[in-house]
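**Student:** Sequence unavailable; structure follows:
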């Protein structure tokens, strides 16, 4: 007996009216499970997935079913979507980082270990952008950005930017954005002992061998990590992941334990196993336009605010030595905050509770917990569960709302996890 009939039978036993029970169930848009033989035809001997697919299922099993199994989609129009601009930014940054790698060493050696807006070149403490190494540094960034954009525009994928005049204006807007973004990315690399190991790191790995929870299917995960940086320190090697986003994103326990936004800890887990490296952090870099009232500011203030507006977010290993390697400005003990990392120091030198730095045990627990979250999602998917059971607030962004005809007074809505703090198993943690 399938889930649909079980629900009808349950209500019938309680009320004794079969017709009423049937009407009650169907008024709630309850979807029956997909039968096992159909599931086996869909997935065959292996289950191939991605983080975005797993998170899509967790947000709403029925929306996942429509998108990835039924493949229902809106009619496509000729227009530039947010995803296109996001991919373009990714491509330019990938090319740019490869282009600057060798020459950047010169500026690491000639400029002080301070954000360039703090470098005092004139008596009045204002920057002279037309002299010496700083001028060469800014020209170096601009030249390589222009070169990288040209290389990106020469690919067929981005011809849409040149096809119509209205998109030419958008490409100019992107140019202004990329000028700011590459400035911040270059400063991060200049002021860090972490070196770029790989951009666009491709994952095509078996994540789980076949077992009872995966219905005897091997599980393969596909994905791309935007950037991996590495550091050799003492007898250990560390890595950090940097993911470029077009809108602000954080690593929050209430989201991860609700089955969404677990991309970073899963990718970190894969890198640890595959590359035999130690996790030093997972960071989101938001590449979007942040308006400044530039007419009211001098050039020095504009540059400073540009850097500070692009401060990264995420989760870091709470190890002072490693964090000083990640941001060399922290070697100055008088510095209260990191210029680009989500770190704030207290008077005693320790990082405050507002800092996004956690103990190694928390990162290890997160690794174990996210694996279990993924297995739960896979288990439900392979059970054929396609119920209309959305996570709270996702319906307002859903393209399938008119298909499922959800009634929030009758259908169940899943609430976010109540976990708001990172925990170490066996004791409380106030991070």
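**Tutor:** Okay, I see it. Keep in mind that what you see is a predicted model, and the values were worked out from it rather than measured.
**Student:** Please name every helix or strand in contact with the longest helix along the chain.
**Tutor:** In the chain, assigned by DSSP state H, the helix with the most residues is helix 165-190. Helices and strands touching helix 165-190, by 3 or more CB pairs under 8 Å, 6 or more residues apart in numbering; DSSP states H and E, are helix 82-100, helix 104-110, helix 132-153, helix 160-163, helix 299-309. From N, CA and C alone the C-beta is placed, and that goes for glycine too.
**Student:** For the helix or strand following that helix, which strands pair with it and how are they oriented?
**Tutor:** Downstream of helix 165-190, the next assigned helix or strand under DSSP states H and E is strand 195-208. Applying DSSP bridges to the sheet, strand 195-208 is found paired with strand 218-233 (antiparallel).
**Student:** Same list, the helices and strands packed on helix 165-190, but as CSV with mean pLDDT please.
**Tutor:** Output for these, formatted as CSV (pLDDT from 0 to 100):
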stretch, mean pLDDT
helix 82-100, 85
helix 104-110, 92
helix 132-153, 88
helix 160-163, 61
helix 299-309, 71
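**Student:** Looking at the ones you listed, which is nearest to residue 353?
**Tutor:** Among these, helix 299-309 comes nearest to residue 353, with 20.8 Å by CB to CB.
**Student:** what's the offset of stretch 40-58 from the middle of its chain?
**Tutor:** 20 Å (CA atoms, centre = their mean, to the nearest Å).
**Student:** The closest residue to residue 253 other than its chain neighbours: neighbour count?
**Tutor:** Of all residues not flanking residue 253 in the chain, residue 419 sits nearest, at 4.7 Å (CB to CB, 6 or more residues apart in numbering). When neighbours are defined as other CB atoms under 10 Å, residue 419 has 15 of them.
**Student:** same question, residue 287
**Tutor:** 24.
**Student:** In which helix or strand does residue 240 reside?
**Tutor:** strand 236-245.
**Student:** helices or strands up against the next helix or strand after that strand?
**Tutor:** Later in the chain than strand 236-245, the nearest helix or strand by DSSP H and E is helix 253-256. On a contact count with 3+ CB pairs under 8 Å, 6+ apart, helix 253-256 meets helix 360-382.
**Student:** Show residues contacting the helix it packs on.
**Tutor:** Applying CB atoms under 8 Å, 6 or more residues apart in numbering, the external contacts of helix 360-382 come out as 39, 43, 47, 49, 54, 57-58, 61, 64, 207-208, 213-215, 217, 219, 256-257, 259, 262, 265-266, 268-269, 272, 279, 315, 317-319, 422-425, 429, 431.
**Student:** Can you list the buried residues in that helix?
**Tutor:** By neighbour count on 16 or more other CB atoms under 10 Å, the buried set for helix 360-382 is 362-363, 365-367, 369-371, 373-375, 377-378, 380-382.
**Student:** In terms of pLDDT, where does residue 389 sit?
**Tutor:** Residue 389 carries a pLDDT value of 91.
**Student:** related to what we said a few turns ago, possible to save the helices and strands packed on helix 165-190 as CSV with distance to residue 356 and mean neighbour count?
**Tutor:** As requested, the helices and strands packed on helix 165-190 are exported to CSV (distance: least, CB to CB, whole Å; neighbours: other CB atoms under 10 Å):
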stretch, distance to residue 356, mean neighbour count
helix 82-100, 22, 19
helix 104-110, 25, 14
helix 132-153, 27, 17
helix 160-163, 35, 14
helix 299-309, 16, 16
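**Student:** As JSON lines, these with distance to residue 248 would be great.
**Tutor:** As requested, the helices and strands packed on helix 165-190 are exported to JSON lines (distance: least, CB to CB, whole Å):
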{"stretch": "helix 82-100", "distance to residue 248": "14"}
{"stretch": "helix 104-110", "distance to residue 248": "27"}
{"stretch": "helix 132-153", "distance to residue 248": "23"}
{"stretch": "helix 160-163", "distance to residue 248": "25"}
{"stretch": "helix 299-309", "distance to residue 248": "11"}
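**Student:** Of the ones you listed, which is nearest residue 186?
**Tutor:** Going by CB to CB, the one of the helices and strands packed on helix 165-190 nearest residue 186 is helix 132-153, 5.3 Å.
**Student:** helices or strands next to the closest one in the packing?
**Tutor:** Against helix 132-153 (3+ CB pairs under 8 Å, 6+ apart) you get helix 82-100, helix 104-110, helix 165-190.
**Student:** Please tabulate these in CSV and include distance to residue 32 as additional columns.
**Tutor:** Shown next, in CSV, are these (distance: least, CB to CB, whole Å):
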stretch, distance to residue 32
helix 82-100, 33
helix 104-110, 58
helix 165-190, 45
